[in-house]
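Undergrad: sequence and predicted structure, then a few things I'm wondering about:
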Amino acid sequence: MSPKHRLIVRAADPTAEITVRDGRFNRVGSAVGIYEGEHADGLYQVRVRTSGAVEEELVSLDHSQTVNFKPVAFATPVPLAQTKGGEPGDRDVVVAASRQPLKKGQGGGVLISVRVSKGSEPGRAGAEGSPARGLHLCDADGRPVLDVEAATAAQASQGPGAVAVCLEVDPGTYRLRFKDSSEETRERSLIVSPGWTTQCFLVRRVGRPGRSIDLEQGVVSMQRLGEVFQPDDRLARVRDAAIDALANSRKITDAVVTQLENDKFSDPMLGLLAAHLLLRDQPSHSHLSQIVLNVARMLGHTHPDVQALRMRRSRGRKLSVRDMPMLRASWNLIVTRSIDNPELLVPGSPASRLAVGVAPTWPWLVWDASETSAAPRELAKMAALEGYFRSAEPTQEGVAFSIRPAGGQGTVEPPDRAALARSLGVPSGVLNDMLSRLGRS
Amino acid sequence: MPLADYVLAVGINRYPGLNKLDGAEADAQAFFDWATQSAGAVGQTILSSQFAPAAAPILEQPASQQIWMFFETLRAAADNNNNQNLGYKAGRRLYMFFAGHGVSPSLDTSAVLMANAERSAPHHLSAKAWADRFYENGLFDEVLLFQDACRETMDNFELTPPYLKKETTSGWQKRKRFYAFAAKSPLLALEKPIGGAVRGIFSATLMAALEGAARDPMSGEITTSQLKSYLIENMASRLTDEERENIDLSQRPEVFDLDPFVIVPAPLAVQPADVFPVHIILAAPGAGAEVIDGDRQVVAQTGPGIVNWQTLLARGLYELVVPGQAGRLFKVSGALDAEGNPEIVHVS
């Protein structure tokens, strides 16, 4: 029998997923952050995955040893050190913008950055105008606060790199709007809390017609008001991994929570992400309530994402939601709760008006905002709903597609309204209206 | 009596409302043939060529209804088994294979577009959501989903959720899933001529794996771990250099193997493992060299005076050992090149 040796794999990223395979590619171990295992003398393949990027090393394990992995360079809209995408100069642009906020209010901040992804057409970078073309910051009711293209015109004239703008604003809800050449308008929330700067990092893709800015892929983070953007912020990499985990069902929740605790819960965005990961993977985790409470203390109890997270434990309490949260997972909590609490969304509020335009994005909440784009979105939801019910109809072939419980004998059940609300991203009121129009109420 | 294994293989080439595809039907047929002939499953293919062209794109088939009809046969099988006190279970294992256009704002909303899809009306089947539902509701012990389709975003897309209601069932700890998608969102899956016919590169890699290339050289089994490793290591080898430069094309499949299990058991008769060409260039003609495998067994050696050494090795990790020099680790992944020929592993 061959001797055994200890193999330790240390990833620079504490949330990196480590996989160890033997000489015939059988998985013999896995862990997050640090791996420790005893293995027979032999050859092994070690892989480390962070935010969708993978690095690999082959190991000859003839003695106990430690394999250290440097930070994996993953692609991200955030101009962080040791990542891919954009140009190194992008970091300087964002740092400079964060040093000189424009005064549009006081008590909170917004930073918006747009990098350029040259894709397979690097020659076109710069020929398509400002990276921020079509981007506006609006207030909670949709009134324009800032034309980002105009505010960053001087940077854009320097060449085909990133542009960024930082504002000091009054705390509250803002909407980041992108209107492309086809007149379609998409929006997402940027919630500004007192004492914090909400940062949104976007990418414009060169050569892509239509939605050249992926509003739904833009990463949001938060930094203490007045602090300068830190390209080597260690927690930013953890945030990016948590976003990947939420979007792609990666199982790194414990590592994310540990990092949050190690950091004394100082990062509210990471707190929001960790809370949603826990709700998804370990809803009875003892730290969930504490995390939500800490985030609420930092961002305020009226922050829409905080409100959404607190709904899970507030049965019977009167709740009201006015504004759209930033995360789709938060929105799903709201629409699920609206089934039992139809008055949840304040009538006439931005959230009640915009709900019908919610697009199927993840992990960020994005919606079609203009009449020209919200109407087709509503039609698409109606079509999906119709498809759901059509499946419950007898067909020409005489097969009854019925909604019934397992083991039931053709019992037709009412639709699962909570599942429909989450799937379509609409609250109870909108869903009921759609069902009514389909004659299904 | 063990419950049956089922297979549904859907391939759609004809999309009057979108661009046509050339390899989806062949991919679905190949998977179906493997599942029924080699894996012993029963089921059906649903291919666009099985239906007459329709007068309008919206009437084109197959549409979701044809898929639902298959799902209804599964529910009928579950009813039947339940009546025989075998539990509410349709079968032991379900294979679902889809090749066609796809759309995917996120992993959970991944869908395959049906033949009646148009840009303005993206009719679809939410393959991932259906696979999850069969798993969650315990209709099968094992659910395998393979989806060779793009994962683009699409305007006006909203997922139609499965009409089969989610149930809380016991025994989920014993259930297993394996899902593999040709692309991560929002990348494109590629089809191209391979071996004289147009095939999806994901499907071609998958079929090579299932037909034996992904067998563990020692045990002979194809496990979820082996299949994942094979797909991830080898799909990109089917791409040309130019295709690899295209950032919109999927280079690696997205594979979920959360529940390890054996997909294909070892053959009853011992079969030699597939071997792949390896070209080793030694720095200088010396006293010879040898290759050891992952268990440190010598699997190839050459005598003195050789510089260019060509040998054949099974999939795995190896070390080139030359007296007086540091060992050189390399891997043989079993990759096939863009022409479908074994890729030569170069070691120097």
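TA: Perfect, I can see it now.
Undergrad: so which bits of the helix or strand of chain A with the lowest mean pLDDT are buried?
TA: The weakest-scoring helix or strand in chain A, judged by mean pLDDT, DSSP states H and E, is helix A:371-390 (a mean of 80). By 16 or more other C-beta atoms under 10 Å in any protein chain shown, the buried positions in helix A:371-390 come out as A:373-374, A:376-378, A:380-385, A:387-390. In this view, the C-beta of every residue, glycine as well, is placed from N, C-alpha and C.
Undergrad: can you narrow those to ones near chain B?
TA: The subset of these lying close to chain B, counting by C-beta under 8 Å from any C-beta of the partner chain, consists of A:376, A:377, A:380, A:381, A:383, A:384, A:385, A:387, A:388, A:390.
Undergrad: export the residues you listed as a markdown table, with columns for distance to residue A:261.
TA: Formatted as a markdown table, those follow (distance: C-beta to C-beta, whole Å):
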| residue | distance to residue A:261 |
| --- | --- |
| A:376 | 45 |
| A:377 | 40 |
| A:380 | 42 |
| A:381 | 40 |
| A:383 | 45 |
| A:384 | 40 |
| A:385 | 42 |
| A:387 | 44 |
| A:388 | 42 |
| A:390 | 49 |
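Undergrad: quick revisit: tell me the one of the buried residues of helix A:371-390 nearest residue A:9?
TA: The closest of the buried residues of helix A:371-390 to residue A:9 turns out to be residue A:384 (C-beta to C-beta; 44.3 Å).
Undergrad: what about the residue nearest to that closest one when sequence neighbours are not counted, how many residues nearby?
TA: Using C-beta to C-beta, 6 or more residues apart in numbering or on different chains and skipping the chain neighbours, the partner closest in space to residue A:384 is residue B:158 (4.0 Å). Around residue B:158 there are 27 other residues, counting by other C-beta atoms under 10 Å in any protein chain shown.
Undergrad: cool, and residue A:416?
TA: Neighbour count of residue A:416, defined by other C-beta under 10 Å: 18.
Undergrad: kindly report the same for residue B:6.
TA: For residue B:6, using other C-beta under 10 Å, the count is 24.
Undergrad: where does it fall, secondary structure wise?
TA: Element membership for residue B:6 (DSSP states H and E) is strand B:5-11.
Undergrad: got the contact list for that strand?
TA: By C-beta atoms under 8 Å, 6 or more residues apart in numbering or on different chains, the surrounding residues in contact with strand B:5-11 are B:24-29, B:31-32, B:35-36, B:39-48, B:62, B:67, B:70, B:74, B:77, B:90-100, B:112, B:125, B:140.
Undergrad: just those residues: which are in strands?
TA: The members of the contacts of strand B:5-11 that map onto strands under DSSP state E are B:42-47, B:91-99, B:112, B:125, B:140.
Undergrad: can you show me the helices along chain B?
TA: B:24-33, B:64-83, B:127-136, B:201-208, B:224-234, B:241-245 (DSSP state H).
Undergrad: in ChimeraX, select just the buried ones from the contacts of strand B:5-11.
TA: Entered in ChimeraX, the line below selects the buried ones among the contacts of strand B:5-11, by 16+ other C-beta under 10 Å:
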select /B:24,25,26,27,28,29,31,32,35,36,39,41,43,44,45,46,47,48,62,67,70,74,77,90,91,93,94,95,96,97,98,99,100,112,125,140
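Undergrad: contacting residues around the closest residue to chain B within the stretch 51-200 of chain A?
TA: At 4.0 Å from chain B, residue A:58 is the closest residue in the stretch 51-200 of chain A, using C-beta to the nearest C-beta. Contacts for residue A:58 (C-beta under 8 Å, 6+ apart) come out as A:43, A:44, A:45, A:46, B:317, B:329, B:330, B:331.
Undergrad: which residue packs closest to the last one, ignoring adjacent ones?
TA: What it means is residue B:331. Leaving aside its sequence neighbours, residue B:331 sits nearest to residue B:317 (C-beta to C-beta, 6+ apart; 5.2 Å).
Undergrad: neighbours of the one you found, how many?
TA: Residue B:317 has 25 neighbours, counted by other C-beta under 10 Å.
Undergrad: quick one: classify the residue of the stretch 1-150 of chain A found nearest chain B as helix, strand or coil.
TA: Here the stretch 1-150 of chain A gets closest to chain B at one residue, residue A:23, 1.2 Å apart by C-beta to the nearest C-beta. In three-state terms, and counting by DSSP: H, G, I helix; E, B strand; the rest coil, residue A:23 is coil.
Undergrad: my guess is it contacts residue B:315, does it?
TA: No: using C-beta atoms under 8 Å, residue A:23 makes no contact with residue B:315, being 9.8 Å away.
Undergrad: ok, back up a step: quick check: which element contains the residue of the stretch 51-200 of chain A closest to chain B?
TA: Residue A:58 is part of strand A:53-61 when elements are defined by DSSP H and E.
Undergrad: hang on, the earlier thing: so what's the residue nearest to residue A:384 up against?
TA: A:360, A:377, A:380, A:381, A:383, A:384, A:423, A:424.
Undergrad: check what pLDDT it gets.
TA: Per-residue confidence (pLDDT) for residue B:158: 90.
Undergrad: gap between it and residue A:387?
TA: Going from residue B:158 to residue A:387 by C-beta to C-beta, to the nearest Å gives 9 Å.
Undergrad: same question, residue B:250
TA: Residue B:250 sits 27 Å away from residue A:387, going by C-beta to C-beta.
Undergrad: same thing with residue B:274?
TA: Residue B:274 is 44 Å from residue A:387, by C-beta to C-beta.
Undergrad: for residue B:278, name its beta-bridge partners.
TA: Applying DSSP bridges to residue B:278 gives these bridge partners: residue B:311, residue B:345.
Undergrad: show me the contacts for the closest residue to residue A:310 other than its chain neighbours.
TA: Counting by C-beta to C-beta, 6+ apart, the nearest residue to residue A:310 once its immediate chain neighbours are dropped is residue A:292, at 6.3 Å. Taking C-beta under 8 Å, 6+ apart, we find residue A:292 in contact with A:271, A:275, A:306, A:309, A:310.
Undergrad: next up, phi/psi of the second one, please.
TA: The one in question is residue A:275. Residue A:275 adopts backbone torsions of phi -60, psi -40, taken as degrees, to the nearest 10.
Undergrad: what of the first one?
TA: The phi and psi torsions at residue A:271 (degrees, to the nearest 10) take the values phi -60, psi -40.
Undergrad: how many neighbours does it have?
TA: Per other C-beta under 10 Å, the neighbour tally for residue A:271 reads 29.
Undergrad: could you do the fourth one as well?
TA: Using other C-beta under 10 Å as the criterion, residue A:309 is surrounded by 28 other residues.
Undergrad: ok, back up a step: what is the nearest of the ones next to chain B among the buried residues of helix A:371-390 to residue A:74?
TA: residue A:377 (31.1 Å).
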